[in-house]
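Asker: A predicted structure for the sequence below; I have some questions about it.
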Amino acid sequence: MEKFVIEGGNRLSGSVRPGGSKNEALPCLAATLLTDEEVTLRNVPRIADVEIMLEIIQDLGGVYEWVDDGVVKVKTENVKSKKLNAELCRRVRASILFAGAMLAREGGCELPPPGGDVIGRRRLDSHFLAFEALGATIDMSPKGFVFKANKLVGTDIFMDEASVTATENLLMAAAVAKGTTIVRNAACEPHVQGLARMLSKMGAQIEGIGTNTVKVKGAKGLWGCDHTIGPDYLEIGSFAGLAAITGGELTIEGVVPDDLRMIRLVFAKLGIRTEFRGDDLFVPGEQELRIVDEVGGQIPKIDDAPWPAFPTDLMSIAITVATQCHGSVLFFEKMFEGRMFFVDSLIAMGARIIFCDPHRVVVIGPGKLYGGTLESPDVRAGMALLIAALKAEGESTIYNIRQIDRGYSKVDDKLRALGAKIERLPVD
Ligand SMILES: CC(=O)N[C@H]1[C@@H](OP(=O)(O)OP(=O)(O)OC[C@H]2O[C@@H](n3ccc(=O)[nH]c3=O)[C@H](O)[C@@H]2O)O[C@H](CO)[C@@H](O)[C@@H]1O
Ligand SMILES: C=C(OP(=O)(O)O)C(=O)O
């Protein structure tokens, strides 16, 4: 077990290159099971969730090798089991993605309940409805789920909600189903698009990538491929917020500008200016952060929703940044009911926040932040508290940093390179 000890108050400046997207790497790893052939994935972040997904693949009989920085080769020619390892699955939410991959590959699997962030109820109904529509059956017990399908047959499916991992599961199963599957009300986040591009390279015919209606023509067999994971827009948003509140001038290298449209719009509401310089995102230094009132002087509202709306995974970061802006803003978290509780820690550090209910907080800034003893409740709130600690006056200690490591590779090294005083120490 490790902790971060941070001396706050430094302006963080320089250049940083974001890691590959966690939420794209995880489904792409599951998708390696769709073929006997070798798959090469590049720009894969070396984070705990990725290592666990690889261990699950190995436990099923697959082999993998890290051949270069961020480059992993996976071959699943000899899958020898349909039963997934309970201990490993419990440690990662994305283990649910093996359901679609194993239905496609082996006609089913036994899957223990997935783990992941405790940020509210995480329903799986959309996954099950989608699989059933393709002809699969699901038996549930406290030990987990048994998925079975003699044959997957494509059909026209209207998802009950635009669930990210349910859409990814459905795309994997549809890639080998007989005939054509039309997925309506599909999630279309950049990581869903990334998986769909990988499946296309493997031989599935997919139309509508990036929209909420995706058409998949199943293939008889899929090939190996070479796929590069896109830069993590959640890490990019986190670093942009960090630079803005510490007053630093930051260049974030190698971004996908189109993925940042809504994020930049929302950050602009907090008074944060950013600009593109080629493929880099530039955050100017010493910005005066002032929340922009809505027409008529009304208090603005920032809420989340499925893509292309503002991502729920950046709400904690945006709330933390808002604590250092002049003005008032309402945050309305519509997707998870447990994601806002971390604001108690911000309040203890000095932030001026009204906790209205589990879905809404009003931030009235700025409130000077002071260092404290903190605990990461989930990956994004953990990063948000790290950002608050880097801004705060005095020393902070953050526990449970494995949550932060789950989503941000070598975050302390990257922060030190920008001028942060941060140490990773064992917990006594
Ligand atoms: C490994 C991975 O990729 N995890 C991401 C994935 O999780 P995951 O795929 O588990 O999340 P889902 O998209 O299924 O749903 C997230 C939450 O939003 C709610 N919901 C969803 C769709 C909708 O139209 N309306 C609605 O209210 C769901 O009920 C649920 O409470 O997507 C989430 C939402 O972007 C992200 O927070 C997670 O980081
Ligand atoms: C909630 C998240 O991850 P997971 O779905 O893997 O728990 C996240 O990335 O913010």
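Answerer: Sure, I can see it. Ligands and ions are numbered 1, 2, ... in the order given.
Asker: C-alpha only now, for contacts and for neighbours.
Answerer: OK.
Asker: which bits of the stretch 51-200 of the chain sit near ligand 1?
Answerer: 94, 122, 161-165 (CA under 6 Å from any ligand atom).
Asker: residue 247 contacts residue 289, correct?
Answerer: No. The criterion here is CA atoms under 8 Å, and residue 247 misses it with residue 289 at 9.4 Å.
Asker: where along the chain do the helices fall?
Answerer: Secondary structure of the chain (DSSP state H): helices at 22-31, 48-60, 86-89, 97-106, 125-133, 164-174, 190-201, 233-246, 261-269, 315-322, 343-349, 379-391, 402-405, 411-417.
Asker: can you get me the start-to-end distance on stretch 327-345?
Answerer: With CA to CA, to the nearest Å applied, stretch 327-345 spans 21 Å between its terminal residues.
Asker: ligand 2 versus residue 259, what's the distance?
Answerer: As for residue 259, its distance to ligand 2 is 16 Å (criterion: CA to the nearest ligand atom, to the nearest Å).
Asker: over to residue 236?
Answerer: In this view, residue 236 and ligand 2 are 13 Å apart by CA to the nearest ligand atom.
Asker: apart from its neighbours in sequence, what residue is nearest the one residue in the stretch 251-400 of the chain that gets nearest to ligand 2?
Answerer: In the stretch 251-400 of the chain, no residue comes nearer to ligand 2 than residue 313, which is 4.7 Å away by CA to the nearest ligand atom. The shortest distance from residue 313 to any residue other than its chain neighbours is 6.3 Å, reached at residue 380 (CA to CA, 6 or more residues apart in numbering).
Asker: repeat that for residue 138.
Answerer: Nearest non-adjacent residue to residue 138, counting by CA to CA, 6+ apart: residue 147, 4.7 Å away.
Asker: hmm, back to that, my read is that the residue nearest to residue 313 contacts residue 318, right?
Answerer: No. Using CA under 8 Å, residue 380 is not in contact with residue 318, being 10.5 Å away.
Asker: quick check on those two: which one has the bigger neighbour count.
Answerer: residue 380 (27 against 22; other CA atoms under 10 Å).
Asker: state the pLDDT value of the more buried one.
Answerer: For residue 380, the model assigns a pLDDT of 97.
Asker: which residues touch the residue nearest to residue 132 when sequence neighbours are not counted?
Answerer: Once flanking residues are discounted, residue 132 sits nearest to residue 138: 7.7 Å by CA to CA, 6+ apart. Residues near residue 138 by CA atoms under 8 Å, 6 or more residues apart in numbering: 128, 132, 145-148.
Asker: next, give me the two most distant ones among those residues.
Answerer: Largest separation among those by CA to CA: 132 and 145, giving 13.3 Å.
Asker: where's the residue in the stretch 301-428 of the chain that ligand 1 sits nearest to relative to residue 406, distance?
Answerer: Nearest to ligand 1 in the stretch 301-428 of the chain, going by CA to the nearest ligand atom, is residue 335, at a distance of 3.9 Å. The spacing between residue 335 and residue 406, counted by CA to CA, is 21 Å.
Asker: among the two, which residue is more densely surrounded?
Answerer: Per other CA under 10 Å, whichever of residue 335 and residue 406 has more neighbours is residue 406, with 22 against 19.
Asker: how confident was the prediction at that one?
Answerer: So residue 406 comes in at 92 (pLDDT).
Asker: quick one: contacts for the residue lying closest to residue 219 once chain neighbours are set aside?
Answerer: Leaving aside its chain neighbours, residue 219 sits nearest to residue 176 (5.0 Å; criterion: CA to CA, 6+ apart). Counting by CA under 8 Å, 6+ apart, residue 176 touches 104, 152, 204, 218-222.
Asker: contact partners of stretch 21-29?
Answerer: With contact meaning CA under 8 Å, 6+ apart, stretch 21-29 is reached by 44-45, 47, 49-50, 53-54, 94, 97, 165, 168, 190-192, 194-195, 198, 229-234, 407.
Asker: any idea how far the residue nearest to residue 144 when sequence neighbours are not counted lies from ligand 2?
Answerer: Leaving aside its chain neighbours, residue 144 sits nearest to residue 112 (4.1 Å; criterion: CA to CA, 6+ apart). Separation of residue 112 from ligand 2 (CA to the nearest ligand atom): 16 Å.
Asker: and residue 112, how many residues sit next to it?
Answerer: A total of 23 residues lie near residue 112 under the criterion other CA under 10 Å.
Asker: the one 4 residues further on now?
Answerer: Here the count is done by other CA under 10 Å, and residue 116 has 18 residues near it.
Asker: that one and residue 296, how far apart?
Answerer: 42 Å.
Asker: and if you look at residue 217?
Answerer: Going from residue 217 to residue 296 by CA to CA gives 51 Å.
Asker: more neighbours: which of these two?
Answerer: Neighbours per residue (other CA under 10 Å) separate residue 217 from residue 296, with residue 217 holding more: 20 against 6.
Asker: can you name the residues bridging to the more buried one?
Answerer: Per DSSP bridges, the residues bridged to residue 217 are residue 180, residue 205.
Asker: list, one by one, the residues from the stretch 201-350 of the chain near ligand 2.
Answerer: Near ligand 2, when you scan the stretch 201-350 of the chain using CA under 6 Å from any ligand atom, you find residue 313.
Asker: enumerate the residues of the stretch 201-350 of the chain near ligand 1.
Answerer: Checking the stretch 201-350 of the chain against ligand 1 by CA under 6 Å from any ligand atom, the hits are 306, 312-313, 335-336.
Asker: hmm, 8 Å instead?
Answerer: Neighbours of ligand 1 within the stretch 201-350 of the chain, by CA under 8 Å from any ligand atom: 305-307, 311-313, 334-337.
Asker: hmm, which two among those residues are most spread apart?
Answerer: That would be 307 and 337, which, of those, are the farthest apart (CA to CA) at 18.7 Å.
Asker: can you give me the mean pLDDT across stretch 20-30?
Answerer: Across stretch 20-30, pLDDT averages out at 98.
Asker: tell me the gap between it and the middle of its chain.
Answerer: Relative to its parent chain, stretch 20-30 has a centroid offset of 9 Å by CA atoms, centre = their mean, to the nearest Å.
Asker: spell out whether that stretch and ligand 1 are in contact.
Answerer: Yes. Under the criterion of CA under 8 Å from any ligand atom, ligand 1 is reached by stretch 20-30 at 22-24, 26-27.
Asker: please pick the buried ones from those residues.
Answerer: 22-24, 26-27 (16 or more other CA atoms under 10 Å).
Asker: residue 391 touches residue 248, doesn't it?
Answerer: No. Using CA under 8 Å, residue 391 makes no contact with residue 248, being 10.9 Å away.
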